[in-house]
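Undergrad: A predicted structure for the sequence below; I have some questions about it.
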Amino acid sequence: MDREKRDKAGKGKKKTKSNPKKGVKSRPYLTEIACYQAHANMCAGYYKLMVAAKQENKILIPNPRFDNEVVRYEHRFGAFANLLTPPLMPYTQFKEVLEHTEKASIKTLYTAASRDFGQARQILETVQASVPDEEILNLITINKTNFVVASVLARDS
């Protein structure tokens, strides 16, 4: 019986939502997430830039007698094997990604690299507007330079 009274009494009332306090951020790690996204775009740009430069023979390739790519890969990334996130990419998977990337034309790779650097710059400029920092300013300058260089290389190839 008490339950029926409570249900009837509660039907006409509106529920009020508690308003979040002004000044309290709802996403406290937004700046860090944006910075990591910018770094990821920079890495993608550098990767595409290096693949294109390698295809154009602008990068010296070590003599195979004195170099083993598998060993180099394992030594370079072996230190990250204990990390759970992100999982370490096995060399075979890296090689598959590299071979797939190498199928793209040089112009496409340079254009994609310039786009990655441009996106990184935009993200960092957004972050810099809310959190001024000298490191972010340096990264913006680096991305602007890389964007221009990759664009010129795309136009000239």
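TA: Perfect, I can see it now.

Undergrad: secondary structure element for A40?
TA: helix 30-55 (DSSP states H and E).

Undergrad: and that helix, what does it pack against?
TA: helix 91-102, helix 106-130, helix 134-156 (3 or more C-beta pairs under 8 Å, 6 or more residues apart in numbering; DSSP states H and E). Placement of C-beta: from N, CA and C, glycine included.

Undergrad: comparing the ones you listed, which comes out most buried?
TA: helix 106-130 (a mean of 20; mean count of other C-beta atoms under 10 Å).

Undergrad: model confidence for the closest residue in space to I33 that isn't next to it in sequence, exactly?
TA: Of all residues not flanking I33 in the chain, R27 sits nearest, at 7.9 Å (C-beta to C-beta, 6 or more residues apart in numbering). Note on R27: pLDDT of 74.

Undergrad: ditto for A81
TA: With respect to pLDDT, A81 scores 88.

Undergrad: try P86
TA: 85.

Undergrad: on that earlier part again, from the chain's centroid, how far away is the helix or strand following the helix holding A40?
TA: Downstream of helix 30-55, the first helix or strand assigned by DSSP H and E is helix 69-77. Helix 69-77 sits 22 Å away from the centroid of its parent chain (C-alpha atoms, centre = their mean, to the nearest Å).

Undergrad: just checking, what packs against helix 69-77?
TA: helix 91-102.

Undergrad: how about residues contacting the helix it packs on?
TA: Y47, K48, V51, Q55, V70, Y73, E74, M89, L109 (C-beta atoms under 8 Å, 6 or more residues apart in numbering).

Undergrad: now do that helix against helix 106-130, angle only.
TA: 110 degrees (axes from the mean of the first three to the mean of the last three C-alpha atoms, to 10 degrees).

Undergrad: rewinding a little: among the contacts of helix 91-102, the buried ones, what's the ChimeraX command?
TA: Entered in ChimeraX, the line below selects the buried ones among those, by 16 or more other C-beta atoms under 10 Å:
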select :47,48,51,55,109
